[in-house]
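Participant: curious how this folds, go ahead:
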Amino acid sequence: MTSRQKSCVPCAKSKRRCEPQTPRCPRCARRGLNCYYKNAPVRDLGQAHTRWGENGISHLLSDDSSHSGDVGSGILISNEPTSPEARARAIAERFGAFPLRDTRERLYREIRNPGFHPAYPIQTAVDKRPIDKLTRIIVSWPRRFVQKLEAPFIHSSIQHASSLPPPLEGAFSACATYLSKTDDTKDIVMNIIEKKVTQLIGLDLSSLSIEAHLASLQAFLMLHIIQLWDGDVRQRAQAEMHSYTLESWALVLHMRVTAAAKEQDAAALTWDRWIVLESARRTALMTLMAQGIFEMHKYGVCSYVPNMAEMPFTTLDGPWDAHSRTDWTEEVGRLEDAAVENYYDYAHNWKTSAEPSVPSAFGKLLLIPCLACAPRHTFPSVDIEILD
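Facilitator: The predicted structure is shown next:
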């Protein structure tokens, strides 16, 4: 029987007034909640299997270059209309007019170029090698997290902690279980991950400290990557719907950290506090980067560039790689104001430099899409190998 409830489920459960909107009502958008409605229509998900569904992410984790032509060649299943014409209309409404082409066997994509100012997005052919490389890096994060407690946005100090923050502890357990799965246990493992994600998206961000918000987003991202790239049709569709929540969590964290950094007295800044602020900056950036790469593979465009372009990070490795307060103090003492830049300024300065220096480890990840979509002559003597 169809419910007459018009409010979204989170607002109804909280007994709060709802202004029904899609994809999220204003209250859920402000709080970073997963907004959904009881009477939402069930959409046709089309074919149950694609080349992505058959292969999962195993071929992306391989160094075998023979797989490079396969990445992104399948139409991923989601809750969006599945016919090419309907999909083209949806993309045109969201990103602007793009020609309808067969996406299978395409080696180049049209995206909005992160190497240029986001106010003037342009369409450009993309070298697929860097995008494939970045995809392999992203899908390796859950494995690296379990095996070495490593990720580009998780500080090494966590390796010496006696315990992990509760959200990361839950994600660690789920990722470890995922890495040990077999064909017989995969369904159970993916259900465990799904339950962990459900618990996370039920959190009220407004009640969390920046530290708790950060740990929750890092956990959410790890599990989201597994669902998005290796889930079955239903789980992948669910992960795509959660993408709105993940994005809002990242943007809210970015705003919170930006405000906290402005209020922070530089002279009173401690190593522990700096780790939280910088980890939050990098986590927000990598969350949108991971979303953008998936969007490139699926739609051939990236809508996350404008938000990413304004996000800052520390461009030098020294402070991030410091293993003690003493080392960190020395490294910070060498920094200039220019050491903290937003993504756009960093990419633009590196692109326009006559002799670009070898970027920081984190900077390399941010520059891979720029190498992918900029003409080769705009990066003199620079090749993808510089990012190895």
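
Participant: CA atoms only for the helix or strand harbouring residue 145, dumped as CSV, please.
Facilitator: Element membership for residue 145 (DSSP states H and E) is helix 141-148. Taking C-alpha atoms only, helix 141-148 is exported to CSV below (Å, rounded to 0.1, in the frame of the first residue of the first chain):
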residue,chain,number,x,y,z
TRP,A,141,43.2,2.8,-0.8
PRO,A,142,41.1,0.2,1.2
ARG,A,143,43.9,-2.4,0.8
ARG,A,144,46.6,0.1,1.8
PHE,A,145,44.5,1.2,4.7
VAL,A,146,44.3,-2.4,6.1
GLN,A,147,47.8,-3.5,5.3
LYS,A,148,49.7,-0.4,6.3
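
Participant: okay, strands next: where are they in this protein?
Facilitator: 110-112, 123-125, 312-314, 340-342 (DSSP state E).

Participant: now for the nearest residue to residue 261 once chain neighbours are set aside, how many residues are close by?
Facilitator: Leaving aside its sequence neighbours, residue 261 sits nearest to residue 277 (Cβ to Cβ, 6 or more residues apart in numbering; 5.8 Å). The way it works is simple: take the backbone N, C-alpha and C, and place the C-beta from them, glycine included. If you count neighbours by other Cβ atoms under 10 Å, residue 277 ends up with 19.

Participant: what do you get for the one 3 residues further on?
Facilitator: A count of neighbours around residue 280, defined by other Cβ under 10 Å, yields 25.

Participant: residue 22 and residue 29, how far apart?
Facilitator: 11 Å (Cβ to Cβ, to the nearest Å).

Participant: which one's more surrounded, these two?
Facilitator: residue 29 (17 against 11).

Participant: quick check: that one touching residue 248?
Facilitator: Yes. Between residue 29 and residue 248 there is a contact under Cβ atoms under 8 Å: 6.2 Å.

Participant: any low-confidence regions in the chain?
Facilitator: 1-4, 23, 39-127, 336-338, 354-356, 371-388 (pLDDT under 70).

Participant: what's near enough to touch the nearest residue to residue 311 once chain neighbours are set aside?
Facilitator: Using Cβ to Cβ, 6+ apart and skipping residues adjacent in sequence, the residue nearest residue 311 is residue 285, 5.0 Å away. Contact partners of residue 285, counting by Cβ atoms under 8 Å, 6 or more residues apart in numbering, are 153, 308, 311, 313, 343, 366.

Participant: hmm, 7 Å instead?
Facilitator: 308, 311, 313, 343 (Cβ atoms under 7 Å, 6 or more residues apart in numbering).

Participant: out of those, which two are the most distant from each other?
Facilitator: The span of the contacts of residue 285, defined through Cβ to Cβ, is set by 308 and 313 at 10.6 Å.

Participant: neighbour-wise, which of these two wins?
Facilitator: residue 308 (26 against 22).

Participant: from residue 30, how far out is that one?
Facilitator: 21 Å.

Participant: and if you look at residue 195?
Facilitator: 26 Å.

Participant: same thing with residue 301?
Facilitator: Following Cβ to Cβ, the distance that separates residue 301 from residue 30 is 27 Å.

Participant: compare these two (neighbour count), which wins?
Facilitator: residue 301 (20 against 13).

Participant: which ones among the contacts of residue 285 lie within helices?
Facilitator: 308, 343 (DSSP state H).

Participant: in TSV, list the contacts of residue 285 along with distance to residue 146.
Facilitator: Below are the contacts of residue 285 laid out as TSV (distance: Cβ to Cβ, whole Å):
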residue	distance to residue 146
308	27
311	27
313	25
343	28
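
Participant: closest to residue 176 among the contacts of residue 285?
Facilitator: residue 313 (28.7 Å).

Participant: quick check: chain neighbours aside, which residue is closest to the closest one?
Facilitator: That would be residue 281: by Cβ to Cβ, 6+ apart, it lies 4.7 Å from residue 313.
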